[in-house]
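A.B. asks: can you look at this prediction? I've put the sequence above it.
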Amino acid sequence: MAKGLKTKHSVRKRFKVTGTGKLMVKKISGRSHLLAHKSPKRKRQLKRQPILGPVAAARMKKLMTI
């Protein structure tokens, strides 16, 4: 007998579920190193955590078994 899907812990570590059920990316790409040549505006805009789009979010929620 086949059981339900198991949670992919690699996905679970990388995304956070908001109160409304949206998925936020925990780690922001482009903000870890080589910041000297980036403008202050670009670095400031990289602070915000991006919210996943509806198609990608649905795929990740399936992997997270939500």
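C.D. replies: Good, I have the coordinates.
A.B. asks: would you put the C-alpha positions of stretch 55-66 in PDB?
C.D. replies: Written as PDB, here are the backbone C-alpha positions of stretch 55-66 (Å, rounded to 0.1, in the frame of the first residue of the first chain):
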ATOM      1  CA  VAL A  55       2.900  28.100  -9.700                       C
ATOM      2  CA  ALA A  56       6.200  27.600  -7.900                       C
ATOM      3  CA  ALA A  57       4.400  27.900  -4.500                       C
ATOM      4  CA  ALA A  58       1.900  25.200  -5.400                       C
ATOM      5  CA  ARG A  59       4.800  22.900  -6.400                       C
ATOM      6  CA  MET A  60       6.800  23.600  -3.200                       C
ATOM      7  CA  LYS A  61       3.700  23.100  -1.000                       C
ATOM      8  CA  LYS A  62       3.200  19.700  -2.600                       C
ATOM      9  CA  LEU A  63       6.700  18.800  -1.600                       C
ATOM     10  CA  MET A  64       6.200  20.200   1.900                       C
ATOM     11  CA  THR A  65       2.900  18.200   2.100                       C
ATOM     12  CA  ILE A  66       0.900  21.300   3.100                       C
END
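A.B. asks: may I have the phi/psi pair for the residue most central in space within the chain?
C.D. replies: Residue closest to the mean C-alpha point of the chain, counted by CA atoms, centre = their mean, is residue 25 at 2.0 Å. Main-chain dihedrals, residue 25, degrees, to the nearest 10: phi -80, psi 130.
A.B. asks: what's the distance between the nearest residue to it once chain neighbours are set aside and residue 12?
C.D. replies: Using CB to CB, 6 or more residues apart in numbering and skipping the chain neighbours, the partner closest in space to residue 25 is residue 50 (5.1 Å). No exception for glycine: its C-beta is placed from N, CA and C like everyone else's. Counting by CB to CB, to the nearest Å, the gap from residue 50 to residue 12 is 18 Å.
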